[in-house]
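1. predicted structure and sequence below. I'll ask about it afterward.
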Amino acid sequence: MAKTYENKSYRDIKQVVMDRIHTGIWVPDSILPSEVDLATEFSSTRTTVNRALRELAEEGYLERKRKAGTKILKSPIRKAQFSIPLVRDEITATGATYRYSLVDRKVQSAPSWLASRLDLKKNQKVLHLRCMHYADSAPFQLEVRWIVGDAVPEVFDESFEHSGPNDWLVKRVPFTNLELSFLATKAEGEIAEFLDASAGEPVFAAERITWLQGVPVTHAKLYFAPGYRMTTRL
């Protein structure tokens, strides 16, 4: 007798699909039942089934083609999934106390280099922020950020005196595309002062740009104090 289900969520459906793949009920290269049939089986909506299968495809387990159906891949494709990290979490994970300080905040027209980099209109308004993040009392990261007002108009109403722009953006603005660069640079001028580094001392830096449906949202340059080590697990 076939097992019946009631009101399965998309997470439940994902788990059932994965269980059937792992136990060999559904084998590689086979085509899954249609979304309509699965929705009937799980007493769910087709939208819920669609989300479950779409996420499994994004995670590399399924291949979905219009008219051809949804196929189980022989070898799951491992795909890197990136989420914007929060410096607060990175610091507290080490056991240190996180502290934030706003250095300065300014609404201005995008400088020419930024307009060229993000393909912005002439005189387009942006919010420029410089912020410091501390681990206990030691400098951890200097954040230099530009936020495009046309993409996030409500940003101009935020003071960012008590919480950083990264926290605010992650909670309110999704991103569809991201460009991330890592580089070694020298601590010069104010960067050296903020990071308590010697002039010319090598420091690690990251440049991050995000877009939402082709519209640039933010450009951030992150400078880390000497001795910073980045570890990534995929």
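-> Perfect, I can see it now.
2. what number of residues lie near residue 16?
-> Applying other CB atoms under 10 Å, we find 18 residues neighbouring residue 16. Using the backbone N, CA and C atoms, a C-beta is placed for each residue, glycine as well.
3. so what does it have for phi and psi?
-> Residue 16 adopts backbone torsions of phi -60, psi -40, taken as degrees, to the nearest 10.
4. now swap in residue 137 and tell me
-> Reported as degrees, to the nearest 10, the phi and psi values for residue 137 are phi -100, psi 0.
5. ok but residue 184 is inside a strand, no?
-> Yes: read with DSSP: H, G, I helix; E, B strand; the rest coil, residue 184 is one of the residues of a strand.
6. skipping its backbone neighbours, what lies nearest it in space?
-> Here the nearest residue to residue 184 in space, its sequence neighbours aside, is residue 202; by CB to CB, 6 or more residues apart in numbering that works out to 5.7 Å.
7. that neighbour pairs with what?
-> For residue 202, the beta-bridge partners are residue 186 (DSSP bridges).
8. pLDDT of the helix or strand where residue 206 lies, averaged?
-> Secondary structure assigned from DSSP states H and E places residue 206 in strand 202-212. In this model, strand 202-212 has a mean pLDDT of 94.
9. now do that strand: distance to the chain's middle.
-> Its chain's average C-alpha position is 12 Å from that of strand 202-212, according to CA atoms, centre = their mean, to the nearest Å.
10. next: stretch 93-105.
-> If you compare the mean C-alpha spot of stretch 93-105 with that of the full chain, they lie 20 Å apart, counting by CA atoms, centre = their mean.
11. buried residues, that stretch. List them.
-> 98, 100, 102 (16 or more other CB atoms under 10 Å).
12. with secondary structure as extra columns, can I get those in a markdown table?
-> Output for the buried residues of stretch 93-105, formatted as a markdown table (three-state DSSP):
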| residue | secondary structure |
| --- | --- |
| 98 | strand |
| 100 | strand |
| 102 | strand |
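13. which residues in the chain form helices?
-> Along the chain, the stretches classed as helices by DSSP state H are 10-22, 35-41, 46-58, 87-92, 112-118, 165-172, 189-195.
14. which residues touch the fifth one?
-> Outside helix 112-118, the residues within contact range by CB atoms under 8 Å, 6 or more residues apart in numbering are 110, 120, 121, 122, 124, 126, 146, 148, 209, 216, 219.
15. likewise the last one?
-> Taking contacts as CB under 8 Å, 6+ apart, the residues outside helix 189-195 that touch it are 103, 132, 139, 142, 187, 197-201, 203, 223-226.
16. closest to residue 153 out of those residues?
-> Out of these, the one with the shortest distance to residue 153 is residue 103. That distance is 23.5 Å, counting by CB to CB.
17. wait, what's in contact with the residue lying closest to that closest one once chain neighbours are set aside?
-> Setting aside the residues directly before and after it, residue 103 is nearest to residue 130 in space (CB to CB, 6+ apart), at 4.0 Å. Residues in contact with residue 130 (CB under 8 Å, 6+ apart) are 102, 103, 104, 142, 143, 144, 145.
18. residues touching the last one, list them.
-> Going back to what we said before, that points to residue 145. If a contact means CB under 8 Å, 6+ apart, then residue 145 has 128, 129, 130, 131, 165, 166, 218, 219, 220, 221 as its contacts.
19. neighbour-wise, give me the winner out of these.
-> For the contacts of residue 145, counting by other CB under 10 Å, the largest number of neighbours falls to residue 218: 26 neighbours.
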